[in-house]
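> Just need the structure, nothing else, for what follows:
(one chain, ligands or ions: 2)
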Amino acid sequence: MNNQEKPYFPLFVDLSEKKILVIGAGKIAARRIQTLLPFAGEIRVIAPRAAAEVAEMAENGRIQYEAREYEREDLYDACIVIAATDREQINHEIYSVCKCMGILVNVISDKNKCDFYFPGIVHRDEIVIGVSASGKDHKKAKKVREDIAAFLQEEEKV
Ligand SMILES: C[C@@]1(CC(=O)O)c2cc3[nH]c(cc4nc(cc5[nH]c(cc(n2)[C@H]1CCC(=O)O)[C@@](C)(CC(=O)O)[C@@H]5CCC(=O)O)C(CC(=O)O)=C4CCC(=O)O)c(CCC(=O)O)c3CC(=O)O
Ligand SMILES: NC(=O)C1=CN([C@@H]2O[C@H](COP(=O)(O)OP(=O)(O)OC[C@H]3O[C@@H](n4cnc5c(N)ncnc54)[C@H](O)[C@@H]3O)[C@@H](O)[C@H]2O)C=CC1
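Ligands and ions are numbered 1, 2, ... in the order given. So this is what the prediction gives:
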């Protein structure tokens, strides 16, 4: 079974004390970090260059940012790793090390190298809804997330 045929289980997991490592700090990494921030306790970001949003999150103390290339040792104490560089070969190397070490990994440049996908999220008080299109259609996931958010907003008005 490849990733296209299997649905991923929506595991609602406590990330508040987990070490999350993001390698790369570009546009996509910034989106992933924004998504994780309300849920995560410790986000460490390593990349030679950072997108403005990432630099701002570092200045505000919301993440730890190190301006340098990643080294293999950086992975060793991580619980979850996002390989978010624009270099396919580096993302692949990160993936291989994580698989060997049993670290959960998401490679943004290859959906077949993702232990988990990022969902579209609706978060209202104690309700958290995550929408996945099983890696097949991120536009559909976004549309369904928007429809659910609109529905909940209508409910609140009643
Ligand atoms: C497989 C997956 C991998 C993963 O988890 O890493 C993946 C892969 C890819 N996305 C691409 C592009 C874009 N993705 C988005 C947005 C979202 N993408 C998300 C999830 C996922 N995207 C994962 C599971 C998807 C599923 O469930 O089926 C969401 C749900 C969550 C999130 O990313 O935060 C979020 C919507 C949330 C919301 O708004 O609610 C936008 C922006 C937009 O649409 O506005 C663009 C336009 C470009 C840009 O932004 O630069 C491309 C490049 C090819 C292409 O352009 O098609 C690939 C690679 C590929 O498909 O091979
Ligand atoms: N999953 C998704 O939603 C999408 C994924 N992509 C993929 O994501 C890749 C990255 O996209 P962007 O974020 O827009 O790129 P970007 O160019 O904005 O950022 C790349 C980042 O990687 C860092 N980097 C490069 N070499 C590194 C190293 N050795 N160690 C640590 N960091 C390093 C750079 O410093 C920079 O911060 C694209 O090449 C494409 O393959 C593209 C669109 C959507």
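> Looks to me like residue 95 is in a helix.
Yes. Assessed with DSSP: H, G, I helix; E, B strand; the rest coil, residue 95 lies in a helix.
> Could you pull up the contacting residues of it?
Counting by CB atoms under 8 Å, 6 or more residues apart in numbering, residue 95 touches 83, 105, 107, 110, 113. Placement of C-beta: from N, CA and C, glycine included.
> if I read this right, the first one contacts residue 23, doesn't it?
Yes. In this structure, residue 83 is within contact of residue 23 by CB atoms under 8 Å, at 5.7 Å.
> got the residues of this structure near ligand 1?
31, 35, 106, 108, 111, 114, 117-120, 132-139, 141-142, 145 (CB under 6 Å from any ligand atom).
> List only buried entries from those residues.
Of all those considered here, the ones buried according to neighbour count by 16 or more other CB atoms under 10 Å are 106, 108, 111, 114, 117-120, 132-133, 135, 141, 145.
> residues near residue 92, how many?
By other CB atoms under 10 Å, the residues close to residue 92 number 15.
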